[in-house]
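J.: Here you go, sequence then predicted model.
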Amino acid sequence: MKPAIKILFLILGNFLLLAFALPSCKEREQAATSVDTKAEERAIIATLDSFNRAAARADFDRYFGFYTDDAIFAGTDATERWDLPAFKVWSKPYFDRGKAWDFTAIERHIYFDKTGSLAWFDELLNTQMKICRGSGVLVKKGNDWKVAQYILSATVPNPVLDSVITMKAPVEDSLINSLLKK
């Protein structure tokens, strides 16, 4: 047999072997949907509750252990968007006082991507600022869920929204103007 034909048969044989050995798209999708989302949801609830308790107890190391190394935190003020090192610096004085913030979930919704290794959530929180909304993205790292992004928003009831807008307009108009100039 000529070398070119041998190479062709070798390539064809390897192709067929790979084609039958690799899972199909449908098999990969079925494997992804076989994740026990109820169990993962319970794990995320436990993670978020522990995350909030760590802040309430001012346990700096435990609280920040719930974040990914590249996490982003966005707070209630438009200027509050930090990467993890900057958020640690900003929040350290609060933790050093012995109590950072005390948030308790009063409603929570959790969603998963098809792989079951990425989740996002939104929740209403009882806080010292009254009701706030927390939302974020979690990624599965080994057996643990880690916060990759957290966004804290103050809620404003519609009946008082106009007065809140009037109060915040002078500060935020200035911020809007400076951001638009960038």
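T.: Received the coordinates, thanks.

J.: residues touching Gln128, list them.
T.: Gln128 makes contacts with Trp101, Asp102, as judged by Cβ atoms under 8 Å, 6 or more residues apart in numbering. Where C-beta positions appear, they are placed from N, C-alpha and C, glycine not excepted.

J.: dump the residue contacts of Glu172.
T.: Ala78.

J.: in the protein, which spans are strands?
T.: 67-74, 81-83, 104-112, 118-127, 130-141, 144-154 (DSSP state E).

J.: got the domain boundaries for this protein?
T.: Following automatic domain parsing, the chain resolves into domains at 1-34, 35-180.

J.: Distance check, Ser91 against Gly75.
T.: Going from Ser91 to Gly75 by Cβ to Cβ, to the nearest Å gives 10 Å.

J.: now the helices: where do they sit in the chain?
T.: Here the chain has its helices, by DSSP state H, at 3-21, 25-33, 37-56, 60-65, 84-96, 161-180.

J.: Could you tell me the least trusted of these?
T.: Lowest mean pLDDT within those: helix 3-21, at a mean of 43.

J.: In CSV, could you pull the C-alpha coordinates for stretch 135-155?
T.: C-alpha atoms of stretch 135-155 as CSV (Å, rounded to 0.1, in the frame of the first residue of the first chain):
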residue,chain,number,x,y,z
SER,A,135,-28.0,40.7,42.9
GLY,A,136,-25.0,38.9,41.6
VAL,A,137,-23.2,36.1,39.7
LEU,A,138,-21.8,33.0,41.4
VAL,A,139,-19.4,30.5,39.9
LYS,A,140,-18.8,26.9,41.0
LYS,A,141,-15.1,26.4,42.1
GLY,A,142,-14.6,22.8,43.0
ASN,A,143,-17.4,22.1,45.5
ASP,A,144,-17.9,25.7,46.5
TRP,A,145,-19.9,28.6,45.1
LYS,A,146,-18.0,31.9,44.9
VAL,A,147,-19.3,35.4,44.3
ALA,A,148,-17.9,36.8,41.1
GLN,A,149,-20.1,39.9,41.0
TYR,A,150,-22.3,41.5,43.7
ILE,A,151,-24.5,44.5,43.2
LEU,A,152,-26.3,46.2,46.1
SER,A,153,-29.1,48.6,45.2
ALA,A,154,-31.3,50.7,47.5
THR,A,155,-34.9,50.3,46.6
